[in-house]
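Asker: sequence unknown, structure follows:
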């Protein structure tokens, strides 16, 4: 039930945003915007929220959702309409969806995903090792005993 509620929230947000951009500004029909929002919501929920978010962090999952939304909206938008290029509106819509996805991922992490599902095992603290072998000491070079004072 938690997944259905999360998909519903994601669908409503994407429907409103896509209808403002594609429906109001570019005269795309409501049926096309509805179908695009439905497919995009389900696809990005499965890919970005259930597969990427538990394994990575919020920023990476948001970037994946941005790329997926841009490519999907551009390709599907171009196939549903003719005459105008939809690269710029797809970019604007994907950016708007990415902003909402950032906050939606926080909701999903807190309320939908179980504690065991989140795997933050990637520890990005790198450590370097230093030893004396990096600058070897040669006794014959630094010794003052080898100087000839004839």
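Answerer: Received it, and whenever you're ready, just let me know what you need. Keep in mind the model is a prediction, meaning the values are calculated, not measured.

Asker: what secondary structure does the residue nearest the centre of the chain sit in?
Answerer: Taking Cα atoms, centre = their mean, the centroid of the chain lies closest to residue 63, which sits 2.4 Å from it. Here residue 63 is helix, with the state taken from DSSP: H, G, I helix; E, B strand; the rest coil.

Asker: how near is the closest residue to it other than its chain neighbours to residue 86?
Answerer: Nearest non-adjacent residue to residue 63, counting by Cβ to Cβ, 6 or more residues apart in numbering: residue 98, 7.7 Å away. Just so you know, the C-beta spots here come from the backbone N, C-alpha and C atoms, and that holds for glycine as well. Using Cβ to Cβ, to the nearest Å, one obtains 17 Å as the distance from residue 98 to residue 86.

Asker: between the two, which is the more surrounded one?
Answerer: residue 86 (21 against 17; other Cβ atoms under 10 Å).

Asker: quick one, what contacts that one?
Answerer: Applying Cβ atoms under 8 Å, 6 or more residues apart in numbering, we find residue 86 in contact with 22, 26, 73, 74, 77, 78.

Asker: make a ChimeraX selection of the buried ones in those.
Answerer: This is the ChimeraX syntax for the buried subset of the contacts of residue 86, where burial follows 16 or more other Cβ atoms under 10 Å:
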select :22,73,74,77
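
Asker: inside helices: which ones of the contacts of residue 86?
Answerer: Of those, the ones assigned to helices by DSSP state H are 26, 73, 74, 77, 78.
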